[in-house]
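Visitor: Provided below are the primary sequence and the corresponding predicted coordinates.
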Amino acid sequence: MAATIFIQTSLNTHFIPESLNTHFIPSFKPRVSLSFKPRTTHPKRFSVRAGLIEPDGGKLVDLHVAEPEKELKKREAALLPRVKLTRIDVQWVHVLSEGWASPLTGFMRESEFLQTLHFNSLRLDDGSFVNMSVPIVLAIDDSQKERIGESKSVALVDSDDNLVAILADIEIYKHPKEERIARTWGTTAPGLPYVEETITNAGNWLIGGDLEVIEPIKYHDGLDRFRLSPNQLRQEFERRNADAVFAFQLRNPVHNGHALLMTDTRRRLLEIGYKNPILLLHPLGGYTKADDVPLSWRMKQHEKVLDDGVLDPETTVVSIFPSPMHYAGPTEVQWHAKARINAGANFYIVGRDPAGMGHPVEKRDLYDADHGKKVLSMAPGLERLNILPFRVAAYDKTQGKMAFFDPSRAQDFLFISGTKMRTLAKNKENPPDGFMCPGGWKVLVEYYDSLTSSKNGRIPEAVPA
C-alpha cells in the first residue's frame, strides 16, 4: 500500500503536491491548519500552523488528591466499605488518574458504559462527542455489593490492602458480560486473553463513580521513570519546541523496519512544513498476554535501539503507556489513538491489524488486517487526529537492509514474521544483517534464553532498564 497521511477536513477533497505522496479524506476540520488550493498543473504553496492538540473535553483530568487533603481522605476511607482491586484494576486506576481517558473522572457509570459499548463515544454536556471505545469498568460480586449497602462511597485497596483511592458518588448496575464481550471483541469465542483474565470470573455487578486517588500509582520495577503522564509528556514536547507529535504504539521489540517507518514519517512531516516533529515511541505497559515479550525486556531493547543510533534521541521521547491490552482490533485501536490525543499527539501511526490477534479457535486472524486503519479514519471523536497508515517494510536482499516493499521486484524482498524472529532468537541464530540493531537483537536472545533457564530450574537474572 502506498504511504498516505489521512487528514480529515470539512472542505471538499483537495490535494497537496504529489511529491509528498499525501492525500486527504473529507468530512471534518483538522487540528492542523493547512492553507492550500486544489491541485493544478502547477501546485500552489501551502502553510502549516500547528501546536499541541487540545485534550478531549478541553482539559486534562487529574484525579489525584491534593497534598493538604490526603490525611482527611485517608481517615474518610477508613470508615468506608472496601473493594479489593486486581492488578489490572490498578492499571485502570493509573490510566484514569492521569487523564489518559479524559474527560472520564472515574470508573464508568451505566450511561457511560452503554454509550461506549454501542456508540464508541461519549456525549458531553455541551452536546459534543469524544471517542471512547473500550469500557473502563470495575466489577464486584454479590457479597461485595451486599457489604456496600447504601454507602455512597467505597475505599479501593490493592491486593495487600493498601489504600489506593476512594470511589465517590457511586452507582452499581448489572454486568452484562456476554453483551460486553460481543460488542467489544465482535465474538464470544472462548480463549480471548483479556476476557479470560478479567471478565469470565468477574462479579455480576459493575460499580462506577468519581475517583479520588490518594497517591500516584507506582510499580517499583525500575521503569517508573519512563511512565510519563499526559501532562508530563506535554511539558516535554513543549520543552523540545515540538510543532507536531507523531505517536507509535507497539508491544513488540523494535526492528529496523519499524525504525524506517518512524524516520520516514518524520521526513514527510518536515516536507509538509513542520519544523520540529517529535516521535512519541510509546510501548504498551499494562496487561499483555503470556506469549508477548514482557515490558522490562522490551524497554531494555528499546533503549539499545536509541543507544545504537537507529532512532535519534533528540527527536524521540520513549515513554510507557499504562493501559492494559484487550486485543480487540478496530475497537481497541480507537482507544489507543484517543489516549494519545490526551498526551498531545496530533499524528498517529497505524499498522496492519492493529491491536489484533489470531482467532482463539480457528486458524485465521480475528480481524481483517485493514479494518483498523479504515475505522480510525472514520471514527467519531477522532476527527482532530491525523492517521498515518504503515507502509509495508521488508528485508531488501539487494541492499542488505530493511526497505519499503517494491512489488515490481518482489523477489528481492524477504518477509521476516514475528514467528520467524522468535524462532531465530530462541535458537540463538542471527537474522540477516540490517534487520535489527545488534544490541537490540542481543537483548531478544537473552530474553528467550532466560525462559529456557527458568524451565531448567535456574532463575533468570533481573533485567535493568
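Guide: Yes, it's here. Residues are numbered from 1 along each chain as shown.
Visitor: Isn't Ile166 up against Val154?
Guide: Yes - counting by Cβ atoms under 8 Å, Val154 is a contact partner of Ile166 at 7.3 Å. (C-beta placed from N, C-alpha, C; glycine too.)
Visitor: So for those two, which residues contact both of them?
Guide: Common contacts of Ile166 and Val154, defined by Cβ atoms under 8 Å, 6 or more residues apart in numbering, comprise Leu80.
Visitor: was I right about Leu376 contacting Gln334?
Guide: Yes - judged on Cβ under 8 Å, Leu376 makes contact with Gln334 at a distance of 6.7 Å.
Visitor: Now for Met357: which residues touch it?
Guide: Applying Cβ under 8 Å, 6+ apart, the residues near Met357 are 193, 289, 327, 329, 365-366.
Visitor: Near the closest residue to Glu238 other than its chain neighbours, how many other residues are there?
Guide: Computed as Cβ to Cβ, 6 or more residues apart in numbering, the closest residue to Glu238 that is not its neighbour in sequence is Leu52, at 7.0 Å. Other residues near Leu52 come to 18 when the count uses other Cβ atoms under 10 Å.
Visitor: Also Thr263?
Guide: 17.
Visitor: What average pLDDT does the helix or strand harbouring it get?
Guide: Thr263 is part of helix 256-272 when elements are defined by DSSP states H and E. The pLDDT scores in helix 256-272 average 95.
Visitor: Quick check: buried residues in that helix?
Guide: Buried residues in helix 256-272, counted by 16 or more other Cβ atoms under 10 Å: 256-263, 265-266, 268-269, 272.
Visitor: Which pair in those residues has the greatest spatial separation?
Guide: Largest separation among the buried residues of helix 256-272 by Cβ to Cβ: Asn256 and Ile272, giving 24.4 Å.
Visitor: Which residues are in contact with each of Leu376 and Gln334?
Guide: Leu382.
Visitor: picking that back up, any idea of the mean pLDDT in the next helix or strand after the helix holding Thr263?
Guide: Heading C-terminal from helix 256-272, the first helix or strand you meet, by DSSP H and E, is strand 277-283. Across strand 277-283, the average pLDDT comes to 98.
Visitor: now do stretch 213-225
Guide: 97.
Visitor: Straight-line length of stretch 404-420, end to end?
Guide: Taking Cα to Cα, to the nearest Å, stretch 404-420 runs 19 Å from one end to the other.
Visitor: Show me what counts as buried in that stretch.
Guide: Neighbour count says stretch 404-420 has 404-405, 413, 416 buried, by 16+ other Cβ under 10 Å.
Visitor: Packing partners of the helix or strand harbouring Ser111?
Guide: For Ser111, the element it lies in under DSSP H and E is helix 110-119. With contacts taken as 3 or more Cβ pairs under 8 Å, 6 or more residues apart in numbering; DSSP states H and E, helix 110-119 sits against strand 121-123, strand 163-174, helix 177-185, strand 205-213.
Visitor: How about residues contacting it?
Guide: 104, 108, 121-123, 132-135, 137, 171, 173, 179-180, 183-184, 206, 208, 380.
Visitor: Dihedrals phi and psi, Asn386?
Guide: phi -90, psi 120 (degrees, to the nearest 10).
Visitor: Then the one 3 residues further on?
Guide: As for Pro389, its main-chain torsions (degrees, to the nearest 10) stand at phi -70, psi 150.
Visitor: Now it: closest residue in space, sequence neighbours ignored.
Guide: Lys373 (4.6 Å).
Visitor: Then Val130?
Guide: Asp56 is the one closest to Val130 (Cβ to Cβ, 6+ apart), at 4.1 Å.
Visitor: and if you look at Val445?
Guide: Ala425 (5.1 Å).
Visitor: Residues in contact with the host helix or strand of the one you found: which ones?
Guide: Per DSSP H and E: Ala425 is located in helix 418-426. Helix 418-426 has contacts (Cβ under 8 Å, 6+ apart) with 252-253, 255, 430-431, 441, 444-445, 447-448, 452.
Visitor: of all the residues you listed, which comes closest to Val350?
Guide: Asn252 (14.9 Å).
Visitor: Show the contacting residues for Ser143.
Guide: Neighbours of Ser143 in contact, by Cβ under 8 Å, 6+ apart: none.
Visitor: Phi, psi for it please.
Guide: According to degrees, to the nearest 10, Ser143 has phi -70, psi -40.
Visitor: how close does it sit to Ser159?
Guide: Per Cβ to Cβ, to the nearest Å, Ser143 is found 17 Å from Ser159.
Visitor: circling back to that earlier point, if we compare the helices and strands packed on helix 110-119, which one ends up closest to Leu284?
Guide: Across the helices and strands packed on helix 110-119, closest to Leu284 is helix 177-185 (Cβ to Cβ), at 16.9 Å.
Visitor: How about whichever helix or strand comes after that closest one, which residues are buried there?
Guide: Going down the chain from helix 177-185, the next helix or strand is helix 193-198, by DSSP H and E. Neighbour-count burial for helix 193-198, counted by 16+ other Cβ under 10 Å, picks out 193-195, 197-198.
Visitor: hey, C-alpha coordinates of helix 193-198 in CSV?
Guide: Below are the C-alpha coordinates for helix 193-198, written out as CSV (Å, rounded to 0.1, in the frame of the first residue of the first chain):
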residue,chain,number,x,y,z
PRO,A,193,-7.0,-13.4,26.7
TYR,A,194,-8.4,-10.3,28.3
VAL,A,195,-11.8,-11.9,28.7
GLU,A,196,-10.4,-14.9,30.5
GLU,A,197,-8.2,-12.8,32.7
THR,A,198,-10.7,-10.1,33.8
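Visitor: burial of the closest residue to Arg409 other than its chain neighbours, as a residue count?
Guide: Nearest non-adjacent residue to Arg409, counting by Cβ to Cβ, 6+ apart: Thr398, 8.0 Å away. Using other Cβ under 10 Å, the number of residues around Thr398 comes to 10.
Visitor: can you tell me the helix or strand for Thr398?
Guide: Here Thr398 is assigned to no helix or strand, by DSSP H and E.
Visitor: What of Phe435?
Guide: With DSSP H and E as the criterion, Phe435 is inside neither a helix nor a strand.
Visitor: list the contacts for the nearest residue to Phe413 once chain neighbours are set aside?
Guide: Spatial nearest neighbour of Phe413, chain neighbours left out: Ala394 (4.1 Å); criterion: Cβ to Cβ, 6+ apart. The contact partners of Ala394, taken as Cβ under 8 Å, 6+ apart, are 257, 402-403, 405, 413-416.
Visitor: Those into TSV, with extra columns for secondary structure and distance to Ser319?
Guide: TSV is the format used below for these (DSSP: H, G, I helix; E, B strand; the rest coil; distance: Cβ to Cβ, whole Å):
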residue	secondary structure	distance to Ser319
Gly257	helix	22
Met402	strand	24
Ala403	strand	28
Phe405	coil	30
Phe413	strand	33
Leu414	strand	32
Phe415	coil	30
Ile416	coil	27
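Visitor: gap between Phe119 and Ala379?
Guide: 11 Å.
Visitor: Same drill for these two, tell me which one is more crowded.
Guide: Of the pair Phe119 and Ala379, Ala379 is the one with more neighbours under other Cβ under 10 Å, namely 22 against 15.
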